[in-house]
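>>> Compute the structure for the input listed below.
(2 chains)
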Number of protein chains: 2
Amino acid sequence: MLARRLRPAVAARWPSQQLLARCYSAQPKGTPDIDASALTIEKTTAPKPLLDAKDLIFGRTFTDHMLSVEWTAQDGWLPPRITPYQNLSLDPATCVLHYAFTCFEGMKAYKDADDRIRLFRPDRNMHRLNRSSARIALPTFNHDTFIDLISKFVNLEERFIPKQKGYSLYLRPTMIGTQKTLGVGPPGSALLYLIASPVGPYYPTGFKAVTLEATEYAVRAWPGGVGDRKLGANYAPCIVPQIDAAKRGFQQNLWLFGEEGYVTEVGTMNMFVAWVNEEGVKELITAPLDGTILEGVTRESVLALARERLVPEGWQVSEKKFTMAQMKKAADEGRLLEAFGAGTAAVVSPIKGVSWRNQDIKIPLSPGKETGPLAEKFWNWISEIQYGETSHPWSYVVPK
Amino acid sequence: MLARRLRPAVAARWPSQQLLARCYSAQPKGTPDIDASALTIEKTTAPKPLLDAKDLIFGRTFTDHMLSVEWTAQDGWLPPRITPYQNLSLDPATCVLHYAFTCFEGMKAYKDADDRIRLFRPDRNMHRLNRSSARIALPTFNHDTFIDLISKFVNLEERFIPKQKGYSLYLRPTMIGTQKTLGVGPPGSALLYLIASPVGPYYPTGFKAVTLEATEYAVRAWPGGVGDRKLGANYAPCIVPQIDAAKRGFQQNLWLFGEEGYVTEVGTMNMFVAWVNEEGVKELITAPLDGTILEGVTRESVLALARERLVPEGWQVSEKKFTMAQMKKAADEGRLLEAFGAGTAAVVSPIKGVSWRNQDIKIPLSPGKETGPLAEKFWNWISEIQYGETSHPWSYVVPK
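Down below sits the predicted model:
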């Protein structure tokens, strides 16, 4: 009911989302949106044992339940269901298995010191999921209603949210096309579901800076493509280059674009560089939202915090194109200060080097340190908000 | 056994495939390839009624059985199974549902006048499926073994292959990643399966020429991407532009590339244009295999037949880049002769117009005709081979 009353306000907040929904959404006019009040809950009769916090591996074990909402073109969204975690039964002709009708989100639920459950900017994930979904002709839905359902779900799964700082319950909302015919067209049915996996800290023993391979022979995304949407289609094609980079000793690919060698993103993280720019000003720079990089929620948060807290200290904060050649020149001239990735999994991931055209660009770290001061700052600022140690509107306290 | 004896010869035939397998394949050395002799068959106890040939719709109804071969990184390919057609039971964390680990093929089984079952160039489909699979870190397999299994399958499903010319049994080999964890990496398990759908002729009442919308605002594929592989990832992102083109009255998108407006492909078909070129020579032209177009089996067949049968008549046959501006100029100067798409579904699909930057490029058709003479010739030539009316090495007679 709450969700329904909120809807006009939400619509006003997201004009771009409205426009998108009008252009792209498979949701026919007049069919029902998700109705949180129709939720049914079937509890498991075989609760899983909790793993020791130290044994948690990202996305390998899941909680007792899952949340599912089916959609059909004819009837719109059907009543949401929480059921025991269970296999999906899919016809082998189901369109997600053939044409990659899938998009997803990554977000986390945190336990604060007062035992309350918190989400971090869940509206941003819902906004992006709707944009992803609409881009591949899957249905859209009301943000607040689904956050309401997620809240009910995480309350039910509360025992799986580790209390220690750095631990969380990873949430994976996923939307798949379920039409079971092979014609290439918009799916007439879909399934929105949520599964959850308890996870430990990305750096259990403190930061560990990574080295990247700047990748030009394979190209992750293109203007006019779908690299700015969180579609399954953006992931499978990046695995072989990732394996190849790993064979050469690099943890991740740094995806470049064009003859100019523009720095885009890391595939699982957005890329930030701190340098003294050619004008002699300290600058934190990241690639702009030009359609070739994912619109990261952590990216957006880093930028907002940097504008609020670093600009007064004399930093310039830029969303604009920059190249590997500029990074190399800055390194050669001693102007390169720091680099880090930003994403939900690690919050920030310090980078100590990039290999580019057989040259190693070293990113300075203080002796004995595995992170630069900026990355550490952002990690602290964002973690404090996520765990409710600092009061901030980005942290959403889940109602009991 | 046959497959096993053939293997060295096959390997020699496909050096590029060997190379690919070495670079990319997830198949660890020493784990077993598919063993056709280990096939088990569980027949259905509830055979489906056959539909009237006139009621067949592409990819909507399927035969009684399916063929499945599971793979794990540890044990390689497990024994193949033919079972009743049935739902797949997939953990909601299965990687195909999140990261689009899926590739597939489209091929057909035909009934000839002597009631023999024929396939059309199945080695080309197997070759491409292996290349697609390797590109997304899924396993590869021996071509001939899988053709052997397909042969057994189509024999079992023989009653579903309509005997009329133009009808066939559409075969959909599909490979999906089945690892059930959310880490972004190479799948440790996969499923290769085959389902089949009886289909009628693409043009039940004779050719029907289509109009295309030349699409620039969205980009299907790019150099360094995966547009030359038959991955699910290439399909979902094309649906919204397809819906938009349909709203404006166009049957398909003609995907352009770059500022130059290079003509690439139609998404479900390769694109052929016949014109009198600027040197005054009759030319049949199609885009080259530069990584941005699918390596169509029908495309390759049209080119081979054109070189054999049209070149002696004075035609030039070209695989090279050409632009919409060149097509427009040819149309304006009366040099544009014909255009058609080529693909498994329709063999050839005549095109009567392309809309480009709000200009309509008309492609001439004789009064009362829905196809040009070249498209009709290729349709006849290829259909005759597919249905065994002409003896040709491309037609593979399935052993009983």
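>>> drop to CA atoms for contacts and neighbour counts, all remaining ones
Fine.
>>> Chain A - how does it break down into domains?
Chain A breaks down into these domains under automatic domain parsing: A:8-199, A:210-386.
>>> Of the ones you listed, which shows the lowest average pLDDT?
Ranked by mean pLDDT, the domains of chain A bottom out at domain A:8-199, which scores a mean of 90.
>>> and residue A:299, backbone torsions?
phi -50, psi -50 (degrees, to the nearest 10).
>>> swap in residue A:218?
Here is the backbone geometry of residue A:218 (degrees, to the nearest 10): phi -120, psi 150.
>>> got a list of what the residue of the stretch 251-400 of chain A at minimum distance from chain B touches?
Per Cα to the nearest Cα, the residue of the stretch 251-400 of chain A with the smallest distance to chain B is residue A:268, at 8.6 Å. Taking Cα atoms under 8 Å, 6 or more residues apart in numbering or on different chains, we find residue A:268 in contact with residue A:343.
>>> mind running it again at 10 Å?
A:235, A:252-254, A:294, A:296, A:341-346, B:184 (Cα atoms under 10 Å, 6 or more residues apart in numbering or on different chains).
>>> Turn those into TSV, including secondary structure and neighbour count.
Formatted as TSV, the contacts of residue A:268 follow (DSSP: H, G, I helix; E, B strand; the rest coil; neighbours: other Cα atoms under 10 Å in any protein chain shown):
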residue	secondary structure	neighbour count
A:235	coil	21
A:252	strand	23
A:253	strand	28
A:254	strand	29
A:294	coil	26
A:296	coil	22
A:341	strand	25
A:342	strand	27
A:343	strand	21
A:344	coil	18
A:345	coil	19
A:346	coil	18
B:184	coil	17
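>>> what's the closest of these to residue A:37?
residue A:344 (29.8 Å; Cα to Cα).
>>> any idea how far the residue nearest the centre of chain A is from chain B?
For chain A, the residue nearest the mean C-alpha position is residue A:106 (4.5 Å; Cα atoms, centre = their mean). Computed as Cα to the nearest Cα, to the nearest Å, the residue A:106 to chain B distance reads 10 Å.
>>> since we're on the closest residue to that residue other than its chain neighbours, how many residues are nearby?
In space, and not counting its chain neighbours, residue A:106 is closest to residue A:172: 5.2 Å by Cα to Cα, 6 or more residues apart in numbering or on different chains. Residue A:172 sits with 20 neighbouring residues when counted by other Cα atoms under 10 Å in any protein chain shown.
>>> near chain B, which residues of the stretch 301-400 of chain A show up?
By Cα under 10 Å from any Cα of the partner chain, no part of the stretch 301-400 of chain A sits against chain B.
>>> In the stretch 301-400 of chain A, what residue spans correspond to helices?
Ranges of helices in the stretch 301-400 of chain A, per DSSP state H, counting those that start in this stretch, are A:324-332, A:373-386.
>>> likewise chain A?
Remark: helices assigned in chain A by DSSP state H are A:2-13, A:15-24, A:95-99, A:122-135, A:143-156, A:239-247, A:297-309, A:324-332, A:373-386.
>>> Would you check how far apart the nearest residue to residue A:232 once chain neighbours are set aside and residue B:283 are?
Spatially, and ignoring its direct neighbours in sequence, residue A:232 is nearest to residue B:99 (3.9 Å; Cα to Cα, 6+ apart). Shown here: residue B:99 relative to residue B:283, a distance of 42 Å by Cα to Cα, to the nearest Å.
>>> Which one's more surrounded, those two?
A count of neighbours by other Cα under 10 Å puts residue B:99 above the other of residue B:99 and residue B:283, at 28 against 22.
>>> Return the residues in contact with that one.
Here residue B:99 is in contact with A:100, A:102-104, A:230-239, B:177, B:182-185, B:233 (criterion: Cα under 10 Å, 6+ apart).
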